[in-house]
Each structure stands twice: as structure tokens, then as C-alpha cells.
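Enquirer: Show me the folded form of this:
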Amino acid sequence: MSGFDKDWLALREPADRAARAKPMVEALRRHLRQERAPMIIDIGCGTGSTWRSLSPDFPAQTRWRLLDHDPLLLAEAARRIGATGTVSLHEFDLNQAESLALDGVSMVTASALFDLCSDAFCARFARLLAARGVGLYAALNYDGRMEWSIAHPLDRQVVEDFNRHQRIDKGLGPALGPEATAHLVRQFEALGYRTEVASSPWELGPDEAALQAALLKGLEQPLGEIGSLTSGDIRTWLDFRLAAVRKAGSRYVVGHADFLALPGALPDTLPRE
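Expert: Model prediction:
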């Protein structure tokens, strides 16, 4: 799986934090409070954004093991996290997930990851966790929805093409893209887990103009690779969208879903959507 640019990860981090479904984070916090010193493995950790988002709400004794295949991102994570006795960072390739050490692990977390994974990978990973009775919190999985408050005639085709591109192999087999969360639900429920899904969309306005612009520019390559639209149509659409970013009332919504699977019953405080 190819790595991500640290500047892009820094740009999206505030939107990720704001989008997380708060009742699900609270349910996870309550689950972890059952242990004196829970251990969390965060896979595909990038620069440590999941740790930064969640650790303030979790028990102070929580230990974190952060894994990523990209040594440059791990170095940036180490720089940003600093010295702490509760966090360790490790280079790890998820293609070798069967070698993941899960003894004593309370929970596996991931952010913006499983939509890049294949059904076969997700099934293997679910069985791996179930064999040790470990839960999964997988946040910010893209759900196939992009909407703009200022419409353009090509919006629908752009979203369809991007969603097709999301299913291309990203390094862990043909990616599930928008279907990732539904696949996780089926796989974990078949293994006896209780699962919950909550919406966690990015809702971006003029204050997030830089993130909007980066997202839009990042669409050009995948749209070109799918080839349903001409390069001229793509350029026309992008120019329109970029000009609209700072307009009053302009909103750009990118749909995501958060997923939680725990062995045993979930807290009653988490509403089912």
C-alpha cells in the first residue's frame, strides 16, 4: 500500500477529529475502562492522528502500539508525539497481518484505512482478531458520498467515477471502497461480535478552503484514469469547483462511516443508526 504525504495528513487531521462519531468514541472509552492498563494497536497510524484524537479521552494508563509501513511517516509520528512511556512505534506491513502479535491487546484501531482494503484482507483480519477476542474500531471509512451545495452538471459522473477508482487495488487486494463498512459488519457479526455503525462525514465550508482545494485537486488523477470524462471536462469541473470553495454558503460534504466491533454486548448509551 502506497504511503501518504505527511502534509496531506496534517491538513485533514482537524476534519477527521471533528467528524468522528462522539457516541462511538464514548462507547470505546467505557469498554477500555474495564481494564487497568489497556493496550491498543493502531494500524496504518500515519503520523499518529488516531492517538492524538483519542488518547485524551482514554484511561491515562492506556498503552499504544502504532504501526505503519512507511518509515518517513513513523519518523514524523515520533517527532510529533515526543517522548512518552505509553507509546511505541513500529514499522509493519499489513500484507503480513497474520504475524501481528495480539497477546494482551485490548483493541485494534484504524482511521481512513479499511476502504482501501480488499474483502479477502478484511475477512482474514476479522478472523485474526476473533481468535484472540480483540475488538476493532475502524473510523472514517469513505462511504461513497460527495455532495456540494453549489451544483454542477458533472457532479454525479465525477462521484461515480471516483467511486469506481476507489475499488482499484491499493496494495491489499481490490479495494472495497464505499462497501468497506458493510463488509466489516457482515464479517464480524458472522464471528459473533456485536457491531455498530455511525455516520462521520466531513462537512467542509469556506473555513476549510485549503482542505477542499487539496481534495478537489486530488480528484484529477483518478478521474483521468477512469476515463469516462474528457480531460477538458475534468478541467472545467475542477475550475468551477475551486472557484466555488470560498463562496458564501458553499459546502462540500464527504461521507464516512465509523465502525465498532466488540466481543459481547455494547454499552446501551450508543444509539443504533
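
Enquirer: Give the buried residues for stretch 108-123.
Expert: Residues of stretch 108-123 classed as buried by neighbour count (16 or more other CB atoms under 10 Å): 108-119, 121-123. Heads up, the C-betas are built off the backbone N, CA and C, glycines and all.

Enquirer: now, which of those sits nearest Arg20?
Expert: For those, the closest approach to Arg20 (CB to CB) belongs to Ser111, at 8.5 Å.

Enquirer: on that earlier part again, out of the buried residues of stretch 108-123, the closest to Phe4 would be?
Expert: Comparing the buried residues of stretch 108-123 against Phe4 with CB to CB places Ala112 closest, at 9.0 Å.

Enquirer: Can you report phi and psi for the closest one?
Expert: For Ala112, the backbone dihedrals (degrees, to the nearest 10) come out as phi 50, psi 50.

Enquirer: if we can go back for a sec, now, the buried residues of stretch 108-123 that are in helices?
Expert: 119, 121-123 (DSSP state H).

Enquirer: Identify, from those residues, the entry nearest to Ala130.
Expert: Distances from Ala130 to these, taken by CB to CB, are shortest for Ala123, at 10.7 Å.

Enquirer: Can you tell me the closest non-neighbouring residue to that closest one?
Expert: Using CB to CB, 6 or more residues apart in numbering and skipping the chain neighbours, the partner closest in space to Ala123 is Gln187 (5.4 Å).

Enquirer: Now stretch 75-90: buried residues?
Expert: In terms of neighbour count (16+ other CB under 10 Å), stretch 75-90 has its buried residues at 76-78, 81, 86-87, 89.
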